[in-house]
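1. Let me see the structure of the following:
(chains A, B, C and D)
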Amino acid sequence: MSAPSENSPSAVRPPSSGADPSAFPGLTSAPGSNIRAVNDPFHGDLLEVSMGPHHPSTHGVFRMMVTLDGEVVVKLKPVFGYLHRNHEKLGENTTYLASMPYTDRLDYLCSMTNNWAYALAVEKLAGQPVPERAEYIRLILAELTRLLNHVCLAGFLLQDCGASGTPLMYAFREREKILDLFESLSGSRMMCNYQRFGGCRIDPSAEWLDRVRALVAGFPRFLDEFERLITGNEIMMARTPGVGCLSPKLAISAGITGPMLRAAGVDYDLRKVDGYGIYPRYKFRVPLGAHGDTYDRYMIRVLEMRESLGLLEQVMKDIPGGPIMDPKAKLRGLRPKAGEAYGRIEGPKGEIGFFLISDGSPNPYRYRVRPPSFVNLTVLEDLCLGHTIADAVIILGSIDIVLGEVDR
Amino acid sequence: MLGSGLLQGLAVTAKNLVGSFHDPARYTTVEYPEVKEQLPESFRNFPFLVTDNATDPMGALRCVACQICEKECPPQCIYIEKSKDKKPDATGKPQLYPAVFAIDTSVCMSCQICVEVCPFDAIKMDQEFEIATTDRFSALLLNREQLAKPNTYFHQIRPTEAAEVDGRLTAERKAAEEKAKAAAAAKAAAAAAPKPAASAVPTATPAATAPTAPKPAAAATPAVPTPEKPAP
Amino acid sequence: MSATNDAFLETFPVTLRDAATNWLPAPWNWLAQGLIAVVAVLAIFGSLFAILTLVERKALGRVQNRPGPNRTGLPYTARLPWLKFTEGKIFGLGQPMADGIKMLTKEDIVPREADQVLHFIAPVAMLAMSLMTFAVIPFGRNLVPVELDASVLYFFAAGAATELAVFMAGWGSRNKFALLAAMRALAQLISYELPLILSFVPVVMIAGSLSTVGIVAAQSSWHWGFIPHWYVLTPWGFAGFLIFMVSALAESNRSPFDLPEAESELIAGHLTEYSGFKYALFFMAEYLGMTALSGMAVTLFLGGWNAPLPFLQFIPSYVWFAVKLLTLLMGFIWIRATLPRLRMDQLMHLSWKFLVPLCLVNLANTTVWHLTASLPLAVRWLLCAVIIVAPFTLIGRSLTKGVAPRTYRYAE
Amino acid sequence: MIAFAVIALLILASASLAMCLRNLVHSVLLLVANWAGIAVFYLWAGAEFVAFAQLLVYVGAVSMLSLFAVLLTRRSFHDLDIIPESVSRATWALLTAGAVAGVLIGTILGSPFGNVTEAAPAVSMRQLGEELAGTHVAGLLVVGIILTVALLGGVVIASKDKEDKS
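-> So this is what the prediction gives:
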């Protein structure tokens, strides 16, 4: 496979085709046939295929206009916006509290981390302290969401590689256990709407914490079984290494964050960099990849799951009592003083941040979301050039995008 | 040896195939219509209005049409019209009641912010999720009668939460009665003094209410100022 | 052959057929027997196809910790007293019928741009060819529909024509995904036909005949009374069997090689523009192809209808064939439940640079086996095993050369 | 006799139709029908091995190669309409075709067929095998070598144009 050797930040020329895709004399379509054969003198017919918006492997309504030379991708234009719900303009017309349930719908796989990021931003804006117990609960829920997200990714990546649903079902079996925990805590499996400015909404009962301990104890056994099914598998070892290599230079210049950046070898994890919440008090390691290809992105997420489990075990031992909501916190009628704040956390997909400008009124003047999967998606074409269409599918899978967050 | 990874994978699937017959952990499907799984207590779906007695639901609605939930609801799916006259509520004080209280369940996303901000515990989240209808419009706009459900139902779906709410309400009512009794006693002591002009009975406008802290926690009682009232 | 040769159960099908056709004059007699054979094959393997779809979905479900189809029941079974407990749902046994009716009643949409002729011929040709391959498989002691001298060659000749049908479907439906799938199907089916045919050549060399009945007869006796003469128990036979199964997986577009209709990339590949009964025909052709190939694998390597142990011969021969066939089909389903898909160039690489060289080495291995007939069995076995395992590991290393298990460093 | 006529008609019809169809893919598939007809002829004549070999090789593999050839070399739809350049070239084409047809028909009619009385000898596979590997082994090996040379040539050509592309 002629993986493109060096992804220079400038537009990448696919070495294999040798022809500049934009040099084609326009896409002429022979009358009466929907296969638009590109009459390119020195390159044979290029086939322009539209994968999406409803395509079985694009993780939601996302479209890739792929120009193929045989099976090799020559040009790839991502088209999205099908799930745009005007999230940020809505945020400007409602109160701070009313935007909280909408943050569940951003990255609908990890609603707890979205809530936390938004709550963090508003607490920074309004200077709102958070009690100790709430910090612990927030960390537990964030790490559970990370497990949930990475398990989902591994399942979907294998589904894209062709394993007919078996690894996905095992991943979803474990995900359901975590969702049951969220449901018995916040009332809804995926739309938790659980964090408030200055703490959490409901105090988890001791019985609930025991169920979390049981889950954390049982998870490594599942992870080992999952790895035995996948990691040593010769077909996976043939399909994913060397596919979609992301160079650290391109990753940094494109603003990639999260496991994708760490798979490229860059040591940048907000939990260590920002040290928000109570992460600095506990010891956990940050795995780094060496090649930045699809296999590294998959392995980094599996190793991160193991780190999260270790972190959860440490945190579960010493959860303090006390209130989970700051007594002086005002639920309604929050009018933070004029100013701006940017709260960000290390979500499972990368750095999810909320930028708020307040003008003293109950509605934010500007409400901006920094979605990780949207930013990570920008390098899709650079990763896919030179690979076949089958690789383009798993590269998209390994970037782990959720269209709710990409389109907002 | 080439192919050992594949064999390992096949062994895992074989273990799951065999496991699904005897190990409950490897057979997670609940066959829904026949076997209904027990929902966690805090599960929430669309809201409902709490009434104090089941016989005359419209008579004992806790809601006093203060329209806080209407303002705070993110998708603005609640519509309230205040009543013209007043009705004595549970503590005997004349209160307004909603003439029209409609929730458009096609817009509501059951985020339970209305429950959180309601100072009178008048609206709670239901656990009824089998509510599919063939009608797309009118059947989804639930009016006051359809929304009202008795407190006993609330106890049935959420025992702990209902107990706390009732405990708080009875404590409130007791405090109101003691204050009324104390006022009446003070009135009797000063019976000879010229009768003070009966001040107009201000409507009970809940001023900035302290936030009703989440139910299970020991919530600060909403300080509803109960004005002095001449004993009837 | 022991006394059970003419036990009642053993010869029951043949006596039935003779009773039904002997009263006819000569030319009609042959025609009637042929018709009975065709009807028998269609009935048995048609219903096997129906049951196979259900068994596959239930097995896939069970592997994925869920029950698989269990809602559709058979009509009137709820009223039978002794079936009352199933409430008419009998573990989803009605599912094949339900699918059949669904396929029949669904609208058969043919795209306006499609090439009407090719679009129509493709499923018909595909099903015809895969049904023709059943003519030479010996199901029982003398239960082979057509006894030909070169029957193995006939089997692969008929099998080779299905590639045309896949191409016609892909090209005829004028759809980009179908076009990609048609090109993939062409390349895959041709390059896996070579290892398929090269892997059965050693069997023909040792058995000394191209007819399936002769091959089964050559595997019928036992070593020292309990080890059967099946070719799969010889080193070259086991290697040939594995290569045959891998190529059979590729020929019938099954799991690790289901590139033509790769759902995640090409939606349904060459079947994208088919719906209704034509889709069902393709579906049936794929399953029949899978059954025919595993039937041939049983005949060539697993001793056809021979019993594994001498004293087990009282069980009729067609039962043994059925047992072996079903185990192989379970293997197909098991592999489908587990393995991800290969990429197109890896598929080609696997066939041309791994399977074909191994087949050629296996041919040499068979000649060594044949020439060392005088040596004791164990020595021969070891010698041939070494001859085939050494290249397996050497060439195997070329498959996974670029990929070493990776270790990951942690920050600080 | 009717069977013979039907098969012959099928072969001739498919061949001629293949030549005058506009859609190249259709004509290739008709050609495949033609080869299948020839295989039926062999079967009818009792030569099973040759019939199955014909089916396997022609209908299985050669048809695929011709389809590949048709699909991969075609520039675009436009150069399908073959307009005769000039009248003279068309006439010369007809003349040569006529001459070739004449020679063929002449030899067929001239060769002494005679009505063969005894049935075709039932040749079993074993005899065929021994015959091939015994008396005609030289021919077999030469054909083998030619085929490998052709295969290697194909591989060399294919790999050569890969170099100048990358």
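2. switch to C-alpha atoms for all contacts and neighbour counts from now on
-> Noted.
3. isn't residue C:220 right next to residue C:306, touching?
-> Yes - between residue C:220 and residue C:306 there is a contact under Cα atoms under 8 Å: 5.8 Å.
4. So these two - more neighbours on which side?
-> residue C:306 (27 against 18; other Cα atoms under 10 Å in any protein chain shown).
5. Assumed the more buried one was part of a strand.
-> No - going by DSSP: H, G, I helix; E, B strand; the rest coil, the assignment for residue C:306 is coil, not a strand.
6. pLDDT on the longest helix anywhere in chain D, on average?
-> Criterion DSSP state H: the longest helix present in chain D is helix D:137-165. For helix D:137-165, mean pLDDT rounds to 83.
7. So which bits of that helix are buried?
-> Under the neighbour-count criterion of 16 or more other Cα atoms under 10 Å in any protein chain shown, helix D:137-165 has nothing buried.
8. Do it and chain C come into contact?
-> No - taking Cα under 8 Å from any Cα of the partner chain as the criterion, helix D:137-165 and chain C are apart, separated by no less than 12.1 Å.
9. give me phi/psi at residue A:50?
-> Phi and psi for residue A:50, reported as degrees, to the nearest 10, are phi -100, psi 110.
10. Please list the residues of chain D that sit near chain B.
-> Within chain D, no position lies close to chain B (Cα under 8 Å from any Cα).
11. how about the strands in chain D?
-> Taking DSSP state E, chain D contains no strands at all.
12. show me where it has helices.
-> Along chain D, the segments classed as helices by DSSP H run D:2-20, D:24-44, D:48-54, D:63-73, D:87-110, D:125-133, D:137-165.
13. Give the rounded mean pLDDT of the fifth one.
-> Read it as helix D:87-110. Mean per-residue pLDDT for helix D:87-110: 89.
14. picking that back up, please state the offset of the longest helix of chain D from the chain centre?
-> Centroid separation for helix D:137-165 versus its chain: 20 Å, with Cα atoms, centre = their mean, to the nearest Å.
15. residues touching the closest residue to chain C within chain D, list them.
-> Ranked by Cα to the nearest Cα, the top residue of chain D for proximity to chain C is residue D:56, at 4.0 Å. Going by Cα atoms under 8 Å, 6 or more residues apart in numbering or on different chains, residue D:56 touches C:153, C:154, C:156, C:157, C:158, C:160, C:161.
16. out of those, which one sits closest to residue A:258?
-> Comparing the contacts of residue D:56 against residue A:258 with Cα to Cα places residue C:160 closest, at 50.2 Å.
17. Residue C:34: which element?
-> For residue C:34, the element it lies in under DSSP states H and E is helix C:26-63.
18. Can you name every helix or strand that that helix contacts?
-> On a contact count with 3 or more Cα pairs under 8 Å, 6 or more residues apart in numbering or on different chains; DSSP states H and E, helix C:26-63 meets helix B:4-22, helix C:8-21, helix C:95-105, helix C:276-301, helix C:317-338.
19. ok and it relative to helix C:8-21, angle-wise?
-> Interaxial angle, helix C:26-63 versus helix C:8-21 (axes from the mean of the first three to the mean of the last three Cα atoms, to 10 degrees): 130 degrees.
20. Going by neighbour count, which residues in helix C:26-63 are buried?
-> Buried-residue list, helix C:26-63, by 16+ other Cα under 10 Å: C:29, C:32-33, C:36-38, C:41, C:45-46, C:48-63.
21. ok, now stretch D:13-30?
-> Buried-residue list, stretch D:13-30, by 16+ other Cα under 10 Å: D:14, D:15, D:18, D:24, D:25, D:26, D:27, D:28, D:29, D:30.
22. wait, does the lengthiest helix in chain A make contact with chain C?
-> If you go by DSSP H, chain A has its longest helix at helix A:132-161. Yes - Helix A:132-161 lies within reach of chain C by Cα under 8 Å from any Cα, at A:158, A:159, A:160, A:161.
23. show me the contacts for the spatially most central residue of chain D.
-> Nearest to the geometric centre of chain D sits residue D:35, at 6.6 Å (Cα atoms, centre = their mean). By Cα under 8 Å, 6+ apart, the contact set of residue D:35 is D:11, D:54, D:55, D:58, D:59.
24. those strands in chain B, which residues are they?
-> Listed in chain order, the strands of chain B (DSSP E) span B:47-51, B:78-82, B:87-88, B:94-95, B:98-104, B:123-125, B:141-142, B:148-150.
25. Please apply the same query to chain A.
-> Using DSSP E, strands in chain A cover A:47-51, A:63-69, A:72-79, A:195-196, A:199-200, A:287-288, A:339-347, A:350-358, A:366-370.
26. So which bits of the third one are buried?
-> The one in question is strand A:72-79. So for strand A:72-79, counting by 16+ other Cα under 10 Å, buried means A:72, A:73, A:74, A:75, A:76, A:78.
27. Tell me the confidence at the residue nearest the centre of chain A?
-> Against the mean C-alpha coordinate of chain A, by Cα atoms, centre = their mean, the closest residue is residue A:349 at 2.5 Å. We have a pLDDT of 93 for residue A:349.
28. got a list of what residue C:169 touches?
-> Residue C:169 touches C:118, C:119, C:122, C:123, C:178, C:182, C:270, C:271, counting by Cα under 8 Å, 6+ apart.
29. make it 6 Å
-> By Cα atoms under 6 Å, 6 or more residues apart in numbering or on different chains, the residues touching residue C:169 are C:119, C:122, C:270.
30. Without its sequence neighbours, what residue ends up closest to it?
-> Nearest residue to residue C:169, sequence neighbours excluded (Cα to Cα, 6 or more residues apart in numbering or on different chains): residue C:122, at 5.2 Å.
31. element containing the one you found, please.
-> Residue C:122 belongs to helix C:116-132, assigned by DSSP H and E.
32. Could you give the separation of that helix from the chain centroid?
-> For helix C:116-132, the distance to the chain centre is 19 Å (Cα atoms, centre = their mean).
33. just to revisit the earlier point, near chain D, from the contacts of residue D:56?
-> C:154, C:157, C:160, C:161 (Cα under 6 Å from any Cα of the partner chain).
34. Turn those into CSV, including pLDDT and distance to chain A.
-> As requested, these are exported to CSV (pLDDT from 0 to 100; distance: Cα to the nearest Cα, whole Å):
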residue, pLDDT, distance to chain A
C:154, 91, 34
C:157, 89, 30
C:160, 85, 25
C:161, 84, 25
